[in-house]
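In: Structure for this input, please:
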Amino acid sequence: MSHPKSGLEKPFKVSMECFLCKHFIETLNREFAMQIRHHLLSTVALIITSVVGVGLGVQPAIAQLPLEADNTLGGEASVVTPAGANRIEIEGGATRGSNLFHSFRVFNINAGESVYFANPDGIETILSRVTGDTRSTLLGTLGVLGNADLFLLNPNGILFGENAQLDVNGSFVATTAEALQFEELGTFSARNPTQPSPLLTIDPSAFLFGQIPAGMIEVRSVAPAADGTPQGLRVPDGDRLLLLGGDVLIEGGQLTAPGGRIELGAIAGEGRVELEASGFTLSPGVARGTVEFRAGAIADVTSDGSGSIRIVANTINLSSSSLYAGI
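Out: So this is what the prediction gives:
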């Protein structure tokens, strides 16, 4: 992906592309009920934090599965390596020009854990997919050991918890599309995973959404900066933070891209979303979903007269939330 640092010549703007924009939302009542039964297996010990019912006023804990690579890349499989008590590093993968492809059956990060992608010399974009049937629940730190842009593709959904944070030196893209298109050279699919073609050496050109409804992207992150100020999910100054899902919910969380671009898109049906350095564009007829900010959610591109926030959806709900910029 081309970095947007040199392409932010316009003053800050907020663009909301929708058919219905609401500034007041009704309270959404959700009821959770979960019962956990403990099993002891001879070869695997799975520890699950007990869940307390909503009726007692305690939010349910989230049971985590491990971070696990799959075998769809053949001899170029991703290699998951513990690098300390609470740190995991990801190496290997399939190199195609300046692109590095990774594939996982499950991709979660537990609270207090850090997961970092290695960034070999010459790699400018790291593209990771989840081929299993569960959403990604990220409760810790996701990072890159270098300057590459990072893509995370999971059609089942992606949740960024309250302490989730990014440690990247480039742009970050999270999507619940089924696949990435590379012009006419091929695709990198999570639904029909194969080894990436040797031709996939160019930047991704489109997101492909299929007949199965795309999962939600939910952000609750209020992770602090070094000075203790909440920043949530943050990319470096001038870079791009793109979330493209079936629906997008910022639930009390924060998105931060100083002088850069925050782009949010909700895709409710089958279709193609073109990706360019300047933004993304929906093909004609693609149904749109809902982007919702609530419970004090924030999107912040505050900087010296640059930065943009773009929201593409059928419905945009804003409730007790804020969009910030320095003009």
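
In: Residue 293 versus the closest residue to residue 234 other than its chain neighbours, what's the distance?
Out: Distances taken as Cβ to Cβ, 6 or more residues apart in numbering place residue 256 nearest to residue 234, at 4.0 Å, with adjacent residues excluded. The C-beta positions use only the backbone N, C-alpha and C, and glycine is treated the same way. The gap separating residue 256 from residue 293 is 14 Å, by Cβ to Cβ, to the nearest Å.

In: Please apply the same query to residue 284.
Out: Counting by Cβ to Cβ - residue 284 and residue 293 are separated by 27 Å.

In: where do the helices sit along this protein?
Out: Along the chain, no stretch is classed among the helices by DSSP state H.

In: how close does the closest residue to residue 225 other than its chain neighbours sit to residue 257?
Out: Distances taken as Cβ to Cβ, 6+ apart put residue 231 closest to residue 225, at 4.6 Å, once the chain neighbours are dropped. If you measure residue 231 against residue 257 using Cβ to Cβ, the figure is 10 Å.

In: Tell me which residue lies nearest the centroid of the protein.
Out: Nearest residue to the geometric centre of the chain (Cα atoms, centre = their mean): residue 174, 2.6 Å.

In: bridging residues for the residue lying closest to it once chain neighbours are set aside?
Out: Distance criterion Cβ to Cβ, 6+ apart; nearest residue to residue 174, sequence neighbours excluded, is residue 152 at 4.8 Å. Note on residue 152: beta-bridge partners by DSSP bridges are residue 128, residue 174.

In: residues contacting residue 152?
Out: For residue 152, the contact set (Cβ atoms under 8 Å, 6 or more residues apart in numbering) comprises 107, 128, 130, 136, 142, 158, 172-175.

In: and if we set it to 10 Å?
Out: Shown in contact with residue 152 (Cβ atoms under 10 Å, 6 or more residues apart in numbering): 102, 104, 107, 126-130, 136, 138, 142, 158, 172-176, 217.

In: Please spell out the segments of the stretch 1-150 of the chain that come in under the pLDDT threshold.
Out: 1-65 (pLDDT under 70).

In: and stretch 230-245, what's its mean pLDDT?
Out: Regarding stretch 230-245, the rounded mean pLDDT is 96.

In: returning to that earlier point: ok, the residue nearest to the centre of the chain to residue 107 distance?
Out: Counting by Cβ to Cβ, the gap from residue 174 to residue 107 is 11 Å.

In: joint contacts of these two?
Out: Common neighbours of residue 174 and residue 107 (Cβ under 10 Å, 6+ apart) are 136, 138, 142, 152-154, 158.

In: What about the residues you listed, which are in strands?
Out: 136, 138, 142, 152-153, 158 (DSSP state E).

In: ok, back up a step: of residue 231 and residue 257, who's got more company?
Out: residue 257 (29 against 20; other Cβ atoms under 10 Å).

In: which neighbours does the top strand by length along the chain have in its sheet, and in what orientation?
Out: Secondary structure of the chain per DSSP E: the longest strand is strand 99-106. Take DSSP bridges as the rule and strand 99-106 pairs in its sheet with strand 68-69 (antiparallel), strand 94-96 (antiparallel), strand 125-130 (parallel).

In: all strands in the stretch 201-327 of the chain, in order from the N-terminus.
Out: 206-209, 217-219, 233-234, 240-245, 248-251, 254-256, 261-266, 271-276, 279-282, 290-294, 298-300, 308-312, 315-318, 322-324 (DSSP state E, counting those that start in this stretch).

In: Tell me which of the ones you listed sits nearest to residue 187.
Out: strand 206-209 (6.7 Å; Cβ to Cβ).

In: so how far is that closest one off the chain centroid?
Out: 15 Å (Cα atoms, centre = their mean, to the nearest Å).
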